[in-house]
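A.B. asks: Turn this into a model:
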Amino acid sequence: MKRRHLLQTAVAAAVVAALPTRQALAAALATMSEISGDVAARTGAGAQVLLEQAALKELAASLRGRLLLPGFEGYDQARRVLNAGIDKHPALIVQPTGAADVMNAVTFARERNLLLAVKCGGHSYGGKSTCEGGMQIDLSTLRSARVDPASKTAYIAGGSLLGELDHEAMQFGLVTTAGTVSHTGVGGLTLGGGFGRLARRFGLALDNVKAVDIVTADGQLRHASPDENPDLYWGVRGGGGNFGVVTNFEFGLHEMQRQVIGGEVIFPLSSMGDVLRMYADYLPEAPDDLYLDFVVTSEMGTTDAMCLVHAVYSGPEAGAEKALAPIYKAGKPLNDMIKPVDYVAIQRSWDNSDPRSSGEYLKSGFIKTFPASLVDALVDTYEPLEDRGTTLFFQCSGGAIGRVPADATAFAHRDALASMFIVVEYPLDVPADPYLTYGRERWKALEPFTDGWYTNEVSGESAEAINSNYGGNYPRLAQVKNTYDPTNLFRLNANVTPAV
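C.D. replies: Okay, here's the model as predicted:
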């Protein structure tokens, strides 16, 4: 494939020299996007296969969107995910513009048993939205958001980002739970759970899904709702990408004022223990309309560190002071940035904190309680080092999330108080192993306090660990998998292995 790319580049250069500038550019791009031969690829089982030129041309002709091969203009941008430590090269990338393109791509992959990855926002820390040698379906060209204020419903295309949902819905004074970083993909977030600044008040993102349109492994487009394909509707709400590619979501929306009270209260690292104890004591009794996270972090290149509480109060303004008061009893802040703020603006406020231009190791787990021994372990575990960035943080759960029965959707961890994360950031120009080892060793001290983990953070867990993580919902998930993906085409996820 390198030889083909060199030949394409040489031909393009010759054309550039012979034509006026605008014609030269168009001709060069056309040359670089020509399917000029067979392509080596990989199956889901790891075997090598050859995708014939004629078949690839037939696939390309069936699409309104683009088919990208290595060397094509746009290929490198499409294959990349946000964790820059993940550097994989799919054999082919499909960028669909609608459900028909997704159906054709899935059918092509199934007929050839290709390894298949689906990318929405590309936020998967474990790199599950790209693959080596298989097909990647890049949904970045399948984005739209439409709101019906009369029925309080949002219709969101499968590749859309959370910011599009927030922007359109809030225009009508409506919201639903939609993460904490606006460039996160709606599909990845929602299918695994969907935490966010309104989750304690309105439930997880998946709790607000009325229906989906989904292309399953047989290449068929199905509608899944409480009344149509209810088993599939149950499974996609917490089963991740196990059952297909969602091309459209229908979200129920809630009325909410545009202005909320939110921001960060920053404390010195020396206050970490006191702030953690406040967080541990207050979170179980905090009101539903208060979102509360704890973070302690240091950046690469410095040993300076700070801890902070990120809060968003979305309830009646008169209740804000009482809801936020415990934060200020934890110690003397270095900076208090909590203020009235536009909800859509605060949803974008962390976008630049998640650029992932370096390599990252992440591990997470749910906690049901927050004992004093965990506070001690966190204080003992955390150390800022100059050659790496180190972050420990908690994302709150509880509230409305915990009032949904564990078997009502495939998401089983309804009794969690919060999710605990460790992130180690490292430069890309040095070996990653020492940093990965460091992160794993630190996690060993914290993991005993956890009970399960967020399926959206799946990385290299064993099949047994994944099955156990679904709890009592696993047998039903396996039945849904057997029905809609018996060959395990959709395996790059917290995978439910079919038994047929």
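A.B. asks: what sits up against stretch 445-456?
C.D. replies: Stretch 445-456 has contacts (Cβ atoms under 8 Å, 6 or more residues apart in numbering) with 124, 188-189, 192-193, 195, 238, 240, 363-368, 371, 373-374, 377-378, 380-381, 412-413, 416, 419-420, 422, 466, 469-471, 493-494. Heads up, the C-betas are built off the backbone N, CA and C, glycines and all.
A.B. asks: List buried residues within the residues you listed.
C.D. replies: Buried residues within the contacts of stretch 445-456, counting neighbours by 16 or more other Cβ atoms under 10 Å: 124, 188-189, 192-193, 195, 238, 240, 363-367, 374, 378, 381, 412-413, 416, 419-420, 422, 466, 469-471, 493-494.
A.B. asks: list the contacts for G126?
C.D. replies: Contacts of G126 by Cβ under 8 Å, 6+ apart are 83, 86, 457-460.
A.B. asks: In terms of helix, strand or coil, where does Y125 fall?
C.D. replies: coil (DSSP: H, G, I helix; E, B strand; the rest coil).
A.B. asks: wouldn't it be in contact with E425 here?
C.D. replies: No. Applying Cβ atoms under 8 Å, one finds Y125 not in contact with E425, separated by 11.4 Å.
A.B. asks: got any residues that touch both of those two?
C.D. replies: E360.
A.B. asks: now L68, which residues is it bridged with?
C.D. replies: I93 (DSSP bridges).
A.B. asks: quick one: it and P90, what's the gap?
C.D. replies: In this view, L68 and P90 are 9 Å apart by Cβ to Cβ, to the nearest Å.
A.B. asks: These two: which has the busier surroundings?
C.D. replies: P90 (28 against 23; other Cβ atoms under 10 Å).
A.B. asks: ok, and the closest non-adjacent residue to the more buried one?
C.D. replies: Spatial nearest neighbour of P90, excluding adjacent residues (Cβ to Cβ, 6 or more residues apart in numbering): Q136 at 4.0 Å.
A.B. asks: Could you do A410 as well?
C.D. replies: G238 (3.2 Å).
A.B. asks: could I get stretch 483-500 in CSV with only the CA atoms?
C.D. replies: Extracted C-alpha coordinates of stretch 483-500, given in CSV (Å, rounded to 0.1, in the frame of the first residue of the first chain):
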residue,chain,number,x,y,z
THR,A,483,-30.8,-12.2,17.7
TYR,A,484,-29.2,-9.1,16.1
ASP,A,485,-25.5,-9.9,15.8
PRO,A,486,-24.9,-13.6,15.8
THR,A,487,-21.5,-13.4,14.1
ASN,A,488,-20.2,-10.7,16.4
LEU,A,489,-19.6,-8.2,13.7
PHE,A,490,-19.9,-5.4,16.3
ARG,A,491,-17.1,-6.5,18.6
LEU,A,492,-15.1,-3.3,19.3
ASN,A,493,-16.9,-2.4,22.4
ALA,A,494,-17.7,-3.8,25.9
ASN,A,495,-18.4,-6.9,23.9
VAL,A,496,-21.2,-9.3,24.6
THR,A,497,-20.1,-12.5,22.8
PRO,A,498,-22.9,-14.3,20.9
ALA,A,499,-23.6,-17.9,21.7
VAL,A,500,-24.9,-19.0,18.3
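A.B. asks: which residues touch that stretch?
C.D. replies: By Cβ under 8 Å, 6+ apart, stretch 483-500 touches 44, 106, 109-110, 113, 115-118, 128-129, 131, 192, 216-218, 231-232, 235, 239-244, 455-456, 458, 461, 463, 466-467, 469-470, 474, 477-478, 480-482.
A.B. asks: Name all residues that make contact with V147.
C.D. replies: 153-155, 168-169, 171-172, 174, 253.
A.B. asks: Can I take it that V246 is in a helix?
C.D. replies: No. Counting by three-state DSSP, V246 is not part of a helix but strand.
A.B. asks: number of nearby residues for it?
C.D. replies: Close neighbours of V246, defined as other Cβ under 10 Å, add up to 29.
A.B. asks: Give me the distance between it and S271.
C.D. replies: Separation of V246 from S271 (Cβ to Cβ) stands at 43 Å.
A.B. asks: Tell me where the stretch 251-400 of the chain has helices.
C.D. replies: In the stretch 251-400 of the chain, the helices defined using DSSP state H, counting those that start in this stretch lie at 272-282, 320-328, 343-348, 372-381.
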